[in-house]
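> A predicted structure for the sequence below; I have some questions about it.
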Amino acid sequence: MAQPVVVILPSALADLFPDSERRVEVQASTVDGVMNVLDRRWPGMRDRLCDSRPAIRRHINVFVDGERATLATVLKPGTEVYVLTAISGG
Amino acid sequence: MASKVLVLIGTKKGAFILEGDASRRSFALRGPYCDNWPMNHVIADRESGTLYAGGGNEWFGPAVWKSSDLGATWTHSSEGLAYQAGEDPIKSVWSLARHDDRLYAGVEPAGLFRSDDDGQSWKQVAGLRNHPSRPSWHPGGGGLILHSLVVNPKNPQELWVGISAAGVFHTSDGGESWEARNRGTRADFLPEDMRYPEFGQCVHCLVMAPGMTNRLYQQNHCGMYRSDDGGQHWESIEKGLPSSFGFPAATHPRDPESLFLLPLNGDTAGRYVPGGKAAVWRTRNAGESWDALSDGLPQENAFFGVLRQAMATDRLDPAGVYFGTSSGAVYASADEGNRWRQIAEHLPTVFSVETLVIEG
């Protein structure tokens, strides 16, 4: 089995899922796959991060290897996936 | 005998609860709840006491939150609360209504969803968005939102919804088919010869009179109206009011002739209380005449507005009346509007006010 990717989740998201962790190891080869694994582990989490277009929500940023990612972004084994809340609000 | 009155408040930054006893003289504030998400509508199921809060967060999207312990703890779900791939995603939940085992949610962009498992999962009532007028629906200042939900308490297959700015729509088959019901309501923002269209009016708030399932009242962007035939025809009842513009309308818990409004000074005049003096306007004769009720309300330099879902009554006798302002204050009357007192201040902008009376 390939080395898992490491997903770092924002605290505001973790607050919404009381059993969740901020740093998660996931077997997935794309960001879309990461979202599905997260949703299986914590039902409803994909809806918080992705909309029905489908796409990563407008005010959520996912960074992989220093670049802003989309759901289609391919992940190398062992890479880190940063999920961040964007500057927004009011 | 009532032992507690809860005033449920949706705000720009979370849900709050004001808790008082049946005297309604003083209230204690609890909150913020729902992780400080903007909460457009917080309601209670009168039978079970379950609380539901609908809103949406810029980061995390729309959800309906639920509490089975009067607000102490909350869960959230948006399973199924989505349009098909490729459509504009749902931004926020705007209105909630509970009838028997059905929970309805109105959303932005305008559409209607229903949950039959107490808010765990949702299915679109797709007939509404299949209405032939839908491609012509245009957003009002607050977005293209389904903000008013009225269920016939005697026939759950019959519903009315209010959409800004598409107007009032009605179904009698549980949401399969819908018809526009806007005859007699104006659209002053259209050219003079187009001011009474079939749809496209900017309804602000739609409510049903107690005990009269054919009597509806609506505060519109352009006037105040009553219908005595389930919305098939609307009659202006704005004569005697200080303005034809306002957002909320609240019915009396028992008297179908009574209604409470909070007119604002006009759509291009600032949208605050006229002359900087706050007043609730009450009719006791279905809109034939109106009285201004201002005892205890600010009478100078008041530059707040009151939004479409931010006024409510309770079911005690005499009825309590409550409203929350854009500047974060909540006012209450324990005697049907005759005298008022402020029961909260310094909250975020108030989006909604509802009540729950708990028997002791």
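In hand now; what should we look at?
> List, one by one, the residues from chain A near chain B.
A:12-13, A:15-16, A:43-44, A:47-49, A:51-54, A:57-60, A:85-86, A:88-90 (CB under 8 Å from any CB of the partner chain). From N, CA and C alone the C-beta is placed, and that goes for glycine too.
> Which other helices and strands does the longest helix anywhere in chain A contact?
In chain A, taking DSSP state H as the definition, the longest helix is helix A:31-41. With contacts defined as 3 or more CB pairs under 8 Å, 6 or more residues apart in numbering or on different chains; DSSP states H and E, the packing partners of helix A:31-41 are strand A:5-8, strand A:23-26, helix A:45-49.
> neighbours around A:Asn36, how many?
For A:Asn36, the neighbour count with other CB atoms under 10 Å in any protein chain shown is 15.
> Could you check how far it is from chain B?
Noted for A:Asn36: a distance of 15 Å to chain B, by CB to the nearest CB, to the nearest Å.
> which residues does that residue contact?
Residues near A:Asn36 by CB atoms under 8 Å, 6 or more residues apart in numbering or on different chains: A:Ala28, A:Arg46.
> for chain A, which spans come out with low pLDDT?
A:89-90 (pLDDT under 70).
> residue contacts, B:Gly111?
Per CB under 8 Å, 6+ apart, neighbours of B:Gly111: B:Tyr83, B:Ile90, B:Gln124, B:Val125, B:Leu128, B:Arg129, B:Leu146.
> Out of the helices and strands packed on helix A:31-41, which one sits most buried?
helix A:45-49 (a mean of 22; mean count of other CB atoms under 10 Å in any protein chain shown).
> is it fair to say B:Leu190 lies in a helix?
No: under the criterion used here (DSSP: H, G, I helix; E, B strand; the rest coil), B:Leu190 is coil, not part of a helix.
> correct me, but it touches B:Tyr196?
No: B:Leu190 sits out of contact with B:Tyr196 when judged by CB atoms under 8 Å, with a separation of 9.0 Å.
> thinking again about what came up before, among the contacts of B:Gly111, who's most crowded?
Going by other CB under 10 Å, B:Leu146 tops the contacts of B:Gly111 with 26 neighbours.
> So which residues on chain B come close to chain A?
B:12, B:35, B:58-61, B:63, B:76-79, B:81-87, B:89-90.
> where along the stretch 51-200 of chain B do the helices fall?
Using DSSP state H, counting those that start in this stretch, no helices are found in the stretch 51-200 of chain B.
> just for it, where's the confidence low?
Checking the stretch 51-200 of chain B against pLDDT under 70 turns up nothing.
> Quick check: the residue of the stretch 151-300 of chain B nearest chain A.
B:Arg271 (18.5 Å; CB to the nearest CB).
> neighbours of that residue, just the number please.
20.
> That one: what's it in contact with?
Here B:Arg271 is in contact with B:Phe245, B:Leu264, B:Asn265, B:Gly305 (CB under 8 Å, 6+ apart).
> do the same with B:Thr75
So B:Thr75 contacts B:Trp65, B:Lys66, B:Ser67 (CB under 8 Å, 6+ apart).
> Let me see the contact set for the first one.
With CB under 8 Å, 6+ apart as the criterion, the residues that contact B:Trp65 are B:Ala15, B:Tyr33, B:Cys34, B:Trp37, B:Met39, B:Tyr52, B:Ala53, B:Gly54, B:Gly55, B:Trp74, B:Thr75, B:His76.
> I figured the fifth one hits B:Gly54, correct?
Yes: shown here, B:Met39 and B:Gly54 form a contact pair, counting by CB under 8 Å, at 7.1 Å.
> Can you tell me which of the contacts of B:Gly111 comes closest to chain A?
The closest of the contacts of B:Gly111, once distances to chain A are taken by CB to the nearest CB, is B:Tyr83, at 5.7 Å.
> Disregarding residues adjacent in the polypeptide, which is nearest to that closest one?
A:Ser52 (5.7 Å; CB to CB, 6 or more residues apart in numbering or on different chains).
> Look up how far B:Ala53 lies from that neighbour.
Distance of A:Ser52 to B:Ala53, computed by CB to CB, to the nearest Å: 21 Å.
> Name the residue in these two with the higher neighbour count.
B:Ala53 (28 against 17).
> What is the neighbour count of residue 73?
Went with chain A since none was named. 19.
> Actually, chain B is the one I wanted.
Neighbours of B:Thr73 (other CB under 10 Å): 11.
> Weed out the non-buried ones from the residues of chain B next to chain A.
B:12, B:35, B:58-61, B:63, B:76-79, B:81-83, B:89-90 (16 or more other CB atoms under 10 Å in any protein chain shown).
> picking up where we left off before, next one: the longest helix of chain A to chain centre, how far?
A distance of 7 Å separates the centroid of the chain from that of helix A:31-41, by CA atoms, centre = their mean, to the nearest Å.
> could you dump it to PDB, C-alpha only?
Presented in PDB, the C-alpha positions along helix A:31-41 are these (Å, rounded to 0.1, in the frame of the first residue of the first chain):
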ATOM      1  CA  VAL A  31      -7.900  15.800  -3.400                       C
ATOM      2  CA  ASP A  32     -11.300  14.500  -4.300                       C
ATOM      3  CA  GLY A  33     -10.300  11.200  -2.900                       C
ATOM      4  CA  VAL A  34      -9.200  12.900   0.300                       C
ATOM      5  CA  MET A  35     -12.600  14.500   0.700                       C
ATOM      6  CA  ASN A  36     -14.400  11.200   0.300                       C
ATOM      7  CA  VAL A  37     -12.200   9.500   2.900                       C
ATOM      8  CA  LEU A  38     -12.800  12.400   5.300                       C
ATOM      9  CA  ASP A  39     -16.500  12.100   4.700                       C
ATOM     10  CA  ARG A  40     -16.500   8.400   5.500                       C
ATOM     11  CA  ARG A  41     -14.600   9.000   8.700                       C
END
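> Check which residues of it are buried.
A:Val31, A:Asp32, A:Gly33, A:Val34, A:Met35, A:Val37, A:Leu38, A:Asp39.
> And stretch B:198-205, by the same measure?
B:Phe199, B:Gly200, B:Gln201, B:Cys202, B:Val203, B:His204, B:Cys205.
> got CSV for these, with secondary structure too?
Below are the buried residues of stretch B:198-205 laid out as CSV (three-state DSSP):
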residue, secondary structure
B:Phe199, coil
B:Gly200, coil
B:Gln201, coil
B:Cys202, coil
B:Val203, strand
B:His204, strand
B:Cys205, strand
